[in-house]
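K.L.:
Below are the sequence and a predicted model; questions follow.
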Number of protein chains: 2
Amino acid sequence: MIYLVGGGPINEEWFDQLEKDGQWIGIDRGAAFLLRKGLTVSHAFGDFDSVTAEEFKMIQKDIAHVHKEQPEKDMTDMEIALNWALGQKEPIKMIGVTGGRQDHFFGNIQLLLSETALNHTEQITIENENNQMSCHLPGNFTVLKEDKYPYLSFIPFTKDVRGLTLSGVKYPLDEHHLTYGMTLTLSNEIVDDFASISFKDGILMMIRSRD
Amino acid sequence: MIYLVGGGPINEEWFDQLEKDGQWIGIDRGAAFLLRKGLTVSHAFGDFDSVTAEEFKMIQKDIAHVHKEQPEKDMTDMEIALNWALGQKEPIKMIGVTGGRQDHFFGNIQLLLSETALNHTEQITIENENNQMSCHLPGNFTVLKEDKYPYLSFIPFTKDVRGLTLSGVKYPLDEHHLTYGMTLTLSNEIVDDFASISFKDGILMMIRSRD
């Protein structure tokens, strides 16, 4: 598992309970956050214009690979970090990327929608204390029931998502045609041990959530 | 102006400074929030399963038109409220819809992407303390420089957005082809009195934001 940690607000109570096995990567202010939490950070990416001089000294001292970028560049810091992570053939969790500026958040959603990210063989998710988001190309997949995420929702990211079939859930669907403006596929629940999802065309976001 | 106020977290310091002219509509717990703030609320929509018995009594007593929905319905409460508001031929601001569950948030973004909402002649925005979001069909529009929103970002909501031209901004573009995965159109800034935006194909989200 690779954790990419951005500089957005993070619920610390939730963060402290996360599994810590894996490789921790800090993006800009996220690097300082991880060091404050006492974690070993293997890489940091960013222009580091959002950290104090003291934090930057700590980042240079405690992190083996610091990739310092120019402030005015065509890629975001998270994009550069994700491109690195996509080369590692491991599942990826992005945290500290929700909350704060919505353009940053949607920029990170955009990263999930790139060809390379959609075709990554391992799962890529964006997570915070209430939500887990992932983006999918046509095909089949299953999702295990987990008590921490009672709700299962699907959002189209193309105007049309065709042939959506859901089973193992409270509101099953058979070959459903989902399009922009529809909210029918929100707030479903897994009732069997797992849900089976398939669709034939389009790009679909899945959100697992709790109140 | 019609304000549609959902039950999500609202920054009260920001809310207290908002212009209050216009019609206030409460959606579920949002109705109780507005009454607590001392506002006159003309309509409330929802199944009201997220308010206390006491709050529901207050809603029934103080709000002229209470539209009580069944808990298990095909449309969300905000969708029913927005459909009502779209009939009023006025600009619409949705607040209390960011934060909390991301499936609710994306459900509300979906509402901006419906044919009826995209073709509404007045502006529809989602706003919180740091952000203003709106969705657009091909054409031209201008955006006035405002000190409270230094950043101007564009997010494609179709795989391709063609012919994007930006002027009056720090990073102008000429007939740019924007596609999923690109973050080039984030964090622009208006440098003239206003920015001019035009594009020829696709659906584009605009986000004005501050840190």
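P.N.:
Good, I have the coordinates.
K.L.:
Can you tell me which residue is spatially central in chain A?
P.N.:
Among the residues of chain A, the one closest to the centroid is residue A:126, at 1.7 Å (Cα atoms, centre = their mean).
K.L.:
Just the buried positions in stretch A:97-111, please.
P.N.:
A:97-111 (16 or more other Cβ atoms under 10 Å in any protein chain shown). Placement of C-beta: from N, CA and C, glycine included.
K.L.:
Tell me the one among these nearest to residue A:204.
P.N.:
Closest approach to residue A:204 among the buried residues of stretch A:97-111 (Cβ to Cβ): residue A:109, at 13.0 Å.
K.L.:
Contacts for whatever helix or strand that closest one lives in next, please.
P.N.:
For residue A:109, the element it lies in under DSSP states H and E is helix A:102-112. Contact with helix A:102-112 is made by A:6, A:8, A:76, A:78-79, A:82, A:94, A:97-99, A:117-118, A:124, A:126, A:133-135, A:205, B:98, B:128, B:130-131, B:133, B:151, B:153, B:155-156, B:180-183, B:186-187, B:205, B:207, B:209, as judged by Cβ atoms under 8 Å, 6 or more residues apart in numbering or on different chains.
K.L.:
give the contact list for residue A:172.
P.N.:
residue A:166.
K.L.:
Just the pLDDT for it.
P.N.:
Note on residue A:172: pLDDT of 97.
K.L.:
any weak-confidence spans in chain A?
P.N.:
Nowhere does chain A drop to pLDDT under 70.
K.L.:
one more time with 80, if that's ok
P.N.:
Along chain A, segments meeting pLDDT under 80 span A:71-74.
K.L.:
Walk me through the domains of it.
P.N.:
Using automatic domain parsing, the domain parsing of chain A gives A:2-128, A:136-209.
K.L.:
what would the ones you listed look like in a markdown table with distance to residue B:54?
P.N.:
Listed next are these as a markdown table, based on distance: least, Cβ to Cβ, whole Å:
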| stretch | distance to residue B:54 |
| --- | --- |
| domain A:2-128 | 29 |
| domain A:136-209 | 26 |
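K.L.:
right, and those domains - which one's nearest residue B:12?
P.N.:
For residue B:12, the closest of those is domain A:2-128, at 17.0 Å, according to Cβ to Cβ.
K.L.:
between the helix holding residue A:109 and helix B:102-112, what angle do the directions make?
P.N.:
Relative orientation of helix A:102-112 with respect to helix B:102-112: 100 degrees, computed using axes from the mean of the first three to the mean of the last three Cα atoms, to 10 degrees.
K.L.:
if we can go back for a sec, quick one, which of the domains of chain A is nearest to residue B:17?
P.N.:
With respect to residue B:17, and counting by Cβ to Cβ, the nearest of the domains of chain A is domain A:2-128 at 19.1 Å.
K.L.:
how long is that closest one from one end to the other?
P.N.:
End-to-end distance for domain A:2-128, by Cα to Cα, to the nearest Å: 15 Å.
K.L.:
Report the distance from that domain to the chain centre.
P.N.:
10 Å (Cα atoms, centre = their mean, to the nearest Å).
K.L.:
swap in stretch A:177-190?
P.N.:
20 Å.
K.L.:
wait, doesn't residue A:89 sit right on residue A:1?
P.N.:
No: between residue A:89 and residue A:1 there is no contact, the gap being 11.8 Å when judged by Cβ atoms under 8 Å.
K.L.:
For those two, indicate the residue with more neighbours.
P.N.:
Counting neighbours by other Cβ atoms under 10 Å in any protein chain shown for residue A:89 and for residue A:1 shows that residue A:1 has the greater number, 14 against 10.
K.L.:
List the residues that contact the more buried one.
P.N.:
Contact analysis of residue A:1 by Cβ under 8 Å, 6+ apart lists A:19, A:21, A:22, A:23, A:90, A:91, A:92, A:93.
K.L.:
can you count the residues close to the nearest residue to residue A:113 once chain neighbours are set aside?
P.N.:
Spatial nearest neighbour of residue A:113, chain neighbours left out: residue B:180 (3.9 Å); criterion: Cβ to Cβ, 6 or more residues apart in numbering or on different chains. Residue B:180 has 24 neighbours, counted by other Cβ under 10 Å.
K.L.:
pretty sure residue B:180 contacts residue B:156?
P.N.:
Yes: Residue B:180 is in contact with residue B:156 according to Cβ under 8 Å; the separation is 6.3 Å.
K.L.:
quick one, helices of chain A?
P.N.:
Taking DSSP state H as the criterion, chain A carries its helices at A:12-17, A:29-36, A:53-62, A:77-86, A:102-112, A:115-118.
K.L.:
mind putting those in TSV, distance to residue B:14 included?
P.N.:
Conversion of the helices of chain A to TSV gives the following (distance: least, Cβ to Cβ, whole Å):
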stretch	distance to residue B:14
helix A:12-17	23
helix A:29-36	23
helix A:53-62	28
helix A:77-86	26
helix A:102-112	14
helix A:115-118	33
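K.L.:
mind checking which of those is nearest residue B:196?
P.N.:
Using Cβ to Cβ, those put helix A:102-112 closest to residue B:196, at 19.3 Å.
K.L.:
That's all I had, so thanks and see you.
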